[in-house]
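1. A structural model of the following input is requested.
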Amino acid sequence: MEANIIVTATGFNVCTPDDVDSTIDGKPLNFADCQAHRGILFSGVPNVAWVFGYLRASWNMRSDRVLEFVYRFLGCMA
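-> Coordinates of the predicted model:
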């Protein structure tokens, strides 16, 4: 079967932490200056967990694992 046009529409639009203007105590935050722990938590940035799924496997698979990690981590802090 021949196609006249092929449209690739995944709806996938990745947003990195640097795409969002963030401040801490009124000072701009540059995520490139932070150290990342497991790609989830960032040094010097309190109360933030960045959820990013797998690109070549099910997105929800890693998202669920990140949620479980953050849940266990916060449980240890309580």
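2. Quick check on F42: phi, psi?
-> phi -120, psi 140 (degrees, to the nearest 10).
3. Equivalent analysis for the one 3 residues further on, please.
-> As for V45, its main-chain torsions (degrees, to the nearest 10) stand at phi -120, psi 100.
4. show me the contacts for the closest residue to it other than its chain neighbours.
-> Distances taken as CB to CB, 6 or more residues apart in numbering place C34 nearest to V45, at 6.2 Å, with adjacent residues excluded. C-beta here means a position set from N, CA and C on the backbone, and glycine is covered the same way. Applying CB atoms under 8 Å, 6 or more residues apart in numbering to C34 gives the contacts 42-45.
5. So which of those residues is the closest to L55?
-> Taking CB to CB as the measure, L55 lies nearest F42 of those, at 20.3 Å.
6. What's the per-residue pLDDT of the residue nearest to the closest one when sequence neighbours are not counted here?
-> Closest residue in space to F42, ignoring its immediate chain neighbours: C34 at 4.1 Å, by CB to CB, 6+ apart. Looking at C34, its pLDDT is 90.
7. So C34 versus G53, what's the distance?
-> Distance, C34 to G53, using CB to CB, to the nearest Å: 21 Å.
8. what's the answer for E2, then?
-> Taking CB to CB, one finds E2 at 35 Å from G53.
9. same deal with A32?
-> From A32 to G53 the distance is 22 Å (CB to CB).
10. what does D21 give?
-> 24 Å.
11. And the two? Which one has more around it.
-> G53 (15 against 7; other CB atoms under 10 Å).
12. Would you confirm that the more buried one contacts L67?
-> No: using CB atoms under 8 Å, G53 is not in contact with L67, being 10.9 Å away.
13. Let me see the mean pLDDT of the helix or strand hosting E68.
-> Assigned by DSSP states H and E, E68 belongs to helix 59-77. Model confidence over helix 59-77, given as mean pLDDT, is 89.
14. Overlap of the contact sets of G53 and L67?
-> Counting by CB under 8 Å, 6+ apart, nothing touches both G53 and L67.
15. Surely L29 and S22 touch.
-> Yes: contact status for L29 versus S22: in contact at 4.2 Å, counting by CB under 8 Å.
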